[in-house]
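[1] my questions are about this predicted structure, shown below with the sequence.
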Amino acid sequence: MNEQKNECGCVCNGLLVKLIEQNNLLIKQNNQLIQINNEQAAQINHLLEHLDLEDEQELGSRSLDGG
């Protein structure tokens, strides 16, 4: 009976180690996706700033033209 418990414990421990390894891998992949997402958000913000500047310049030139 003790041998069975030990074997079961070893199997459970092995599975637990595998689950932890898989979880760590998922965390690493998730962190990479977050980094990519942050970089893309920064690029989008940069583009939006350029659009805002272009809009302001266009509005400024319209008012100088009278219209």
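    The structure has been received and is ready for your questions. Residues are numbered from 1 along each chain as shown.
[2] give me phi/psi at residue 38?
    As for residue 38, its main-chain torsions (degrees, to the nearest 10) stand at phi -60, psi -40.
[3] quick one: mean pLDDT over the strand or helix carrying residue 43.
    Residue 43 is part of helix 2-65 when elements are defined by DSSP states H and E. Here helix 2-65 scores 89 as its mean pLDDT.
[4] what is the burial count for residue 61?
    Using other C-beta atoms under 10 Å, residue 61 is surrounded by 9 other residues. Any C-beta I mention is one placed from the backbone N, CA and C, and that applies to glycine too.
[5] one more: residue 17?
    Residue 17: 10 surrounding residues under other C-beta under 10 Å.
[6] can you give me the distance of residue 11 to residue 21?
    To residue 21, residue 11 is 16 Å away according to C-beta to C-beta, to the nearest Å.
[7] correction: residue 9
    19 Å.
[8] gap between residue 18 and residue 56?
    Distance, residue 18 to residue 56, using C-beta to C-beta: 57 Å.
[9] do the same with residue 3
    79 Å.
[10] and those two? Which one has more around it.
    Higher neighbour count among residue 3 and residue 56: residue 56, with 10 against 7, using other C-beta under 10 Å.
[11] how far away is residue 4 from residue 10?
    Using C-beta to C-beta, residue 4 is found at 11 Å from residue 10.
[12] one more: residue 52?
    For residue 52 relative to residue 10 (C-beta to C-beta), the value is 62 Å.
[13] and what of residue 59?
    For residue 59, the distance to residue 10 equals 73 Å [C-beta to C-beta].
[14] for residue 25, same thing?
    For residue 25, the distance to residue 10 - C-beta to C-beta - is 23 Å.
[15] count of neighbours near residue 18?
    So residue 18, with other C-beta under 10 Å, has 10 neighbours.
[16] ok, residue 26 next?
    When neighbours are counted by other C-beta under 10 Å, residue 26 registers 10.
[17] so what's it up against?
    Not one residue lies near residue 26 by C-beta atoms under 8 Å, 6 or more residues apart in numbering.
[18] how much space separates it from residue 4?
    32 Å.
[19] what's the answer for residue 60, then?
    Residue 60 is 83 Å from residue 4, by C-beta to C-beta.
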